[in-house]
Structure formats: structure tokens, C-alpha cells
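Novice: next come a sequence and a model predicted from it.
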Amino acid sequence: MLFILGLIVAGAAIAAIIAVKQKPIVRIVAGAVCALGIVLVGVSCIASVPTGHTGVVTTFGKVENYTFEAGLHIKNPFSKVVNMDNRTQKGSLEMVCFSSDIQEVQVLYTVNYQIQKANAQTLYRTIGRDYYNTVVTPCIQEAIKTVAAKYNAEDLIGSRAKLAIEVEQNLAEKLTKYNIEVSSTAIENMDFTDAFTNAVEEKQVAAQNKLKAETEAAQKLIEAEAAAKALLIAAEAEAKANKTISDSLTKDVLYQQWLEKWNGQLPQVAGSDANVILEGLTGQGNNPAQ
């Protein structure tokens, strides 16, 4: 340790200075060595914590209950400061899981996380500095497998956003127990087997064809109903017109039309006993020959 080394160097230098009073050069060199020893002692009592880190203090391997913020600090010369990164960190994990219908799903998952500054010493004491591989990775795997197993493969495709939210909630709950906070997560990619992907595509094509056929049938039905309605309207209009004409054709009107079209000649009838009697269409017995 620097502190002990510094004490040894400084002590040896002081002893040399006392022992060689008659030799100025040796005294100068010993003085320089003594200064070096004092510097080493001083350095061993100072700790530097970089920005974005929390200093965890240990004394003879025991983790203290306090931490150092970023900056310079005076510490016990026998203590050691371990710098824990408290900035937001990013981790990515590619893994295979299974849906509820036992379809294999390959997932690329990304998580942004950071340690809780106030409990950095607890995290170091219980897990150590390699907390990502020790805690974060297994928790991601468990969260994804747990949530994915609740959905069948087709639902996973259509519910990707919902799946991401559920995984993040599950993961955050797990990591909080280890004094790690989840900032954000994302499902970067989700792949299925070629056989399943082809089956889904064929099903979508079949559904689209069915929808197209149903749409065309509905359109034809609408057109047929419109045509039938048009025929009905035309027939009703024609019937109404015929009725109007029929109601207007009185005997007087028919008689007048007959007069307008008559050429003034009586019908020629063969036979000795033939008599021609023309009655008026008005029912009054009018004879056009009179």
C-alpha cells in the first residue's frame, strides 16, 4: 500500500539524515527521498472519483455504508475506493424464446439502465461490479420468456408494442430488487422460423382474397338491388301513367279521336240484307252518316 510504503521511505530518509550529519550531499538526497515518502502518504489519503461515478469505500475488504460523489475526497489511508458507473448504460441481448403455441421466436432486446446512486455500496457488496452479466442478462431472459409464453405467435406479431411494455414492466420490477433502475427498453427485432412466416403470409393472402370476393359479391348485390329498384320505380311510373291515360279516355274523347281519324267513307258491306248502323261512342246514338 502507498501509505505503508510512504512511511517506510520517509522513515528511512529521516534516519539517513540523522546518521550522516557530516555529509551534506547525502542529507540532500535523503531529504528528497523523505519528501517522496510524505507525498506517497498524502496520496494514499486522497481519493478521486470521476464524473458519472459513485465511489464505494472498502476497508480491508469490508464495504462501508457511505459512498463518495464525483470529485476529490480525503479518506482513510487503509481504505480503497471502487468507482461504480452510475450513468445510463445500454445493453443488448439476442435470445430465443417460445410462444404459447410452441413457435420459436428469436428476439433482439435492448435495455437502458443505471444503478441507484444511493445504494451503489449495496449493489457492490451483494453482486460486485459485473452486475450486468450477473443480474441484468438473466432478468432480461426471464422477463422475455415469461411474457412471450402468454401469447401465440400470431399475437406476438400484431402485439409487438404491447409485448415491449409488458417485458419492460416485468424487467423493471425484477431489477429494482437489485438497486438497478430501467430507463427504457426496446424490441429491436423479432424473427420467426421460415415455415411459420410462410404460413402466416399464405393465411394473409387467403384472407385478402376472401375479403376481395366478399366485397365483390356485396357490390354485385348492391348493383342488383339498385337495378331492381330502378325497374320497380319505372314500372310503377308506367302503371301510373297508363292509369292516368285510361282515366282520361272517356267515350266523348274516344268519339272525338274517331272523328278526327275517319275519312268520311262508310264501311263497304257485302250482302243483300246488310245494314250498317253506326252508333256514337258517347252512348247517345249519334250517327256520323246523318
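Specialist: The structure has been received and is ready for your questions.

Novice: confirm that residue 135 sits in a strand.
Specialist: No. Counting by DSSP: H, G, I helix; E, B strand; the rest coil, one finds residue 135 to be helix, located in no strand.

Novice: give the contact list for it.
Specialist: For residue 135, the contact set (CB atoms under 8 Å, 6 or more residues apart in numbering) comprises 127, 175, 178, 180. C-beta here means a position set from N, CA and C on the backbone, and glycine is covered the same way.

Novice: now the residues you listed as TSV including distance to residue 100?
Specialist: Shown next, in TSV, are the contacts of residue 135 (distance: CB to CB, whole Å):
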residue	distance to residue 100
127	33
175	25
178	29
180	29
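
Novice: looking at these, which is nearest residue 64?
Specialist: Closest to residue 64 out of the contacts of residue 135 is residue 127 (16.7 Å), distances taken as CB to CB.

Novice: and the closest one, how many residues sit next to it?
Specialist: 17 (other CB atoms under 10 Å).

Novice: now name the helix or strand holding the nearest residue to residue 120 once chain neighbours are set aside.
Specialist: Distances taken as CB to CB, 6 or more residues apart in numbering put residue 54 closest to residue 120, at 4.1 Å, once the chain neighbours are dropped. In this assignment (DSSP states H and E), residue 54 forms part of strand 53-59.

Novice: who does that strand pair up with?
Specialist: Its sheet considered, strand 53-59 pairs with strand 62-68 (antiparallel), strand 79-85 (antiparallel) by DSSP bridges.

Novice: picking that back up, quick one: the residue nearest to residue 120 and residue 66 touch, right?
Specialist: No. Counting by CB atoms under 8 Å, residue 54 does not reach residue 66; the two are 10.7 Å apart.

Novice: of those two, which one has the most company?
Specialist: residue 54 (24 against 9).

Novice: look up which residues are beta-bridged to that one.
Specialist: Going by DSSP bridges, residue 54 is paired in beta bridges with residue 84.
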